[in-house]
Structure formats: C-alpha cells, structure tokens
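Chemist: kindly return the folded structure for what I paste below:
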Amino acid sequence: MAKNVIVGQSGGPTAVINASLAGVYETAKALGADTVYGMRYGVQGLLAGKVVALDDYLADPLQLELLQRTPSSFLGSCRFKLPDVTVQPEIYRQLFDVLERLDIGCFFYIGGNDSMDTICKLSDYARDIHSPIRFVGVPKTIDNDLEATDHTPGYGSAAKYIATVTKEVIRDSLVYDLQSVTVLEIMGRNAGWLAASAALAKGPDCEGVDFIYLPEAPFEVEDFLQQVALRQRSKSNVVVAVSEGIRTGSGTYVAELGAQLGPQDAFGHKILTGTARYLAEQVSSRLGTKARAIEFSTLQRCGSHMASRVDSTEAHAAGAAAVRAAYEGHTGEMICLVRRSSLPYQCVTHPVDIHAIANREKKVPAEWIAGGCGVTEDLLAYMRPLVQGELQPIQVQGLPRHIFLS
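Modeler: Numbering: from 1, shown residues only. Sure, this is the predicted structure:
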C-alpha cells in the first residue's frame, strides 16, 4: 500500500467533526503512515491542489487536544456534488492524478449524505480502473439522517445544545405574567431528529415545550393555531419547537408561505429559513397574542462549549475505526455506530457497504411521533445517552482557545 493517507471534511460542520479528524490523524500515524494530508475545502479544494501536511499542525499533543475542542471544520468544507463519471470523467482522472502524485493509499472523507455519495463514486471508480487506493467514509451530521448507523457523530452535541437552550428560553418565557407564544426554529430539512431533541428539556425543573412539529408529519397552519389557542386557555406562555423543513399536506414548505425562498445549493436543496417567523406572525395577527420567533441557526452546530463527551468520544472512535478498516483492506464503506445497549449505554463501530448508505435518508420513525405534535418516551430513551457528559474547552483569559488554519 502507498505510504500516505489523505482526509477531508465536507458539508455542514459540527461541534465534534474535528474529533473525527484527530481520530484519523492519530491512528494513521500510529499505523505507520508517512504523511497525513488534509484537503483544504474538501474534494473541491483537492481538485485545485489545495492540501496541507497535518504533521505541520498536529504533531504537538496539545494541538490535538485543542483540535478536539474546536468547533467547525479545521480543514474547511465544501458542498460540491461530484458529477457522474459518465458525464465528466476528466474530473475523476484529475482527482486520481493528484492522489497518485501524493502517493495516497487511503482516502477518508468526514461528512453526511452528500459526502457518502462522494465516497461511493470514488470507490466505484477506483474499482473500475483497478486503483489500489482505499476509500472509507467517516459519518458526520447534526441531522442524524444517515442510514445504517444508529446515530451520527455531531448529533449528540447539537441535541445537547438545543435541549439546554430550550430550557433557558422556557425559563425566560415565564418572567412576565402575560400571554405569549415563542416559536423555536431548529434545523432539519426532511428529518426531525434535531427538533425532537427539544423534548429533552422537560424534567423536574422544567415543564418542557408544549408542541414539537417534525417534517415527518404533515403540518397545517390552521390546526397549529387551534392547538396554540386551546393551550393558552390553561397556561399563559406557550413554547413551540418546529423543524425548519415542516411542510403542509400538499408538500409546501411552511417557510415558503411567508416568503420566497433563496437559491438552491449545489445539491438542489432549497435554502430554508423563516418558518418560525411566519408562524409567530400568524399567531400575533390571528390570535392577537404576543409572539416571537427564535432561530437557533448555526449556533446549534458550532456550540462546542456545550459539546457532549459521549459525542466527542464516538466521533474520535469513528475516525480511528475508518483508518483501521482501510489498513485491513476495506474500501467503499462507511463506519457505522452500532448500539448494543441503551441502559447501560454501549456502542461499537462497524464498517458497512457505502451503497447501503449513499443518497438515502433516515427519518424519525412514525411510531416515535406522538399525535403529530410531540415525541414518545422511546425517542427520548434513544436520545438521552447521546447528550451525556461534558467536554470542557481549554480556557485562556476566560475564553475558549481554538486551533485554526490561517
């Protein structure tokens, strides 16, 4: 096998994506890789020859510790859709020329659905041209929507952040003795795993959100207004959590009802925003109640001060497992997390054929959605182990210290 390996990060960042990068780097060096290269800005950067030797940045153990506590993507990211090889074969030839010049034996890509599509296409091409380069995916997405894996690194920390901030918002909503409605907008285009985590806010010290609406269940504005009005007969302050991607029964995004959505990204996804604002405006104008919208936006994926230790540990383990799998001869696979037990919580890693994962979406099961506006105890039991423990930032002059590439 060639002497060097290369790793990239792609798609939206998370609070623990760099823990996976640390897992890849440490394990590759331990198994004898001469040089561990990093792609600047994913495959798109690799096409432009933008690579760095990670030894120049991560050889110091302190830098590795900082890396695991730094949010976002250390190497930079991209949303680049690799075209079909029959349409643009020259892109594949260009990529493999770069990999061969760097003497790459293993290629690792840390990302979500679209990134696993990249691993699938590259590993298939390598097979067709009899290239010995091995391609392994490392799961990452706060959306938790990758198939074949119990959950994805990044989700636990985002869920912990959402549940914590939701508790704080609920506490704040009770300050004044007057009627109000607060609508929390949480990421999630087609899968409601993130919005569901707002349910974790409920406990002995918090009554929790009143309603949770997920993209898996059809949403109707009139029904929503009726439910809010009915709830306000028994309590003054109503707090609602909604996925940004909730849709009406006809398939229209609620965000589209209030405004024209922005352009699509490279994968044809509409840029969603404004769901909570639209619903808050409807509550205010139709019910005559004070209403506000709070968009968690990118905060839910970059809040490393709220990272789950379980999540960080598993993110590192996934990166390490990818390297071990590649060195054992695996290619065209993604590392999955397999839950052995929830109480006590036990989880292991296992490589799975990338064709069972790429271009598929795992959604919240219908049986875990309660009445279209809540979640069941089974879903809460699934989420609770993933938010456990804290990974404290390294503080300098009272603020977290991060590592970054200039």
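Chemist: residue 12 and residue 112 touch, don't they?
Modeler: Yes - counting by Cβ atoms under 8 Å, residue 12 touches residue 112, with 7.3 Å between them. For the C-beta atoms, the positions are set from N, CA and C on the backbone; glycine is no exception.
Chemist: residues shared between the contacts of those two?
Modeler: Applying Cβ atoms under 8 Å, 6 or more residues apart in numbering, one finds that residue 12 and residue 112 are jointly contacted by residue 141.
Chemist: lowest-confidence helix or strand of this structure?
Modeler: Among the helical and strand segments of the chain, the one scoring lowest on mean pLDDT, DSSP states H and E is helix 254-258, with a mean of 89.
Chemist: buried ones in that one?
Modeler: Buried residues in helix 254-258, counted by 16 or more other Cβ atoms under 10 Å: 254, 255, 256, 258.
Chemist: next up, the contacts around the first one.
Modeler: Contact partners of residue 254, counting by Cβ under 8 Å, 6+ apart, are 219, 221, 242, 246, 247, 248, 275, 278, 279.
Chemist: would you list the buried entries among these?
Modeler: In the contacts of residue 254, burial by neighbour count holds for 219, 242, 246, 247, 275, 278, 279, counting by 16+ other Cβ under 10 Å.
Chemist: from the residues you listed, which land in helices?
Modeler: 275, 278, 279 (DSSP state H).
Chemist: need those residues in CSV (columns: pLDDT).
Modeler: CSV is the format used below for these (pLDDT from 0 to 100):
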residue, pLDDT
275, 95
278, 96
279, 98
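Chemist: out of those residues, the closest to residue 132 would be?
Modeler: residue 275 (47.9 Å; Cβ to Cβ).
Chemist: ok, that closest one to residue 185 distance?
Modeler: 5 Å (Cβ to Cβ, to the nearest Å).
Chemist: any common contacting residues for those two?
Modeler: Contact criterion Cβ under 8 Å, 6+ apart; residues shared by residue 275 and residue 185: 242, 244.
Chemist: residue boundaries of the helices in this protein?
Modeler: For the chain, the helices defined by DSSP H cover 17-30, 42-47, 55-58, 61-68, 89-101, 113-128, 155-173, 193-196, 221-231, 254-258, 275-287, 299-302, 309-327, 377-383.
Chemist: hey, least reliable of these by pLDDT?
Modeler: Ranked by mean pLDDT, those end with helix 254-258 at the bottom, a mean of 89.
Chemist: now do that one: distance to the chain's middle.
Modeler: 24 Å (Cα atoms, centre = their mean, to the nearest Å).
Chemist: same check, this time on stretch 123-141
Modeler: Averaging C-alpha coordinates over stretch 123-141 and over its chain gives two centres that are 22 Å apart (Cα atoms, centre = their mean).
Chemist: what sits against the nearest residue to residue 124 once chain neighbours are set aside?
Modeler: Among residues not flanking residue 124 along the chain, residue 332 sits closest, at 7.1 Å (Cβ to Cβ, 6 or more residues apart in numbering). Applying Cβ under 8 Å, 6+ apart to residue 332 gives the contacts 119, 120, 123, 124, 127, 135, 353, 354, 355.
Chemist: please pick the buried ones from those residues.
Modeler: Buried by 16+ other Cβ under 10 Å: 119, 120, 123, 124, 135, 354, out of the contacts of residue 332.
Chemist: picking that back up, include distance to residue 215 when you put the ones in helices among the buried ones among the contacts of residue 254 into a markdown table, please.
Modeler: Formatted as a markdown table, those follow (distance: Cβ to Cβ, whole Å):
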| residue | distance to residue 215 |
| --- | --- |
| 275 | 10 |
| 278 | 15 |
| 279 | 14 |
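Chemist: what's the burial count for the closest residue to residue 31 other than its chain neighbours?
Modeler: Spatial nearest neighbour of residue 31, chain neighbours left out: residue 327 (5.2 Å); criterion: Cβ to Cβ, 6+ apart. For residue 327, the neighbour count with other Cβ atoms under 10 Å is 19.
Chemist: any idea how far residue 327 lies from residue 134?
Modeler: Going from residue 327 to residue 134 by Cβ to Cβ gives 8 Å.
Chemist: residue 4 too?
Modeler: Applying Cβ to Cβ to residue 4 and residue 134 gives a distance of 12 Å.
Chemist: what's the overlap in contacts for the two?
Modeler: Jointly contacting residue 4 and residue 134 under the rule Cβ under 8 Å, 6+ apart are residue 105.
Chemist: give me the more crowded residue out of the two.
Modeler: Each of residue 4 and residue 134 has its neighbours counted (other Cβ under 10 Å); residue 134 has more, 25 against 18.
Chemist: tell me who's in contact with the nearest residue to the more buried one once chain neighbours are set aside.
Modeler: Computed as Cβ to Cβ, 6+ apart, the closest residue to residue 134 that is not its neighbour in sequence is residue 331, at 3.9 Å. By Cβ under 8 Å, 6+ apart, the contact set of residue 331 is 123, 126, 127, 133, 134, 135, 136.
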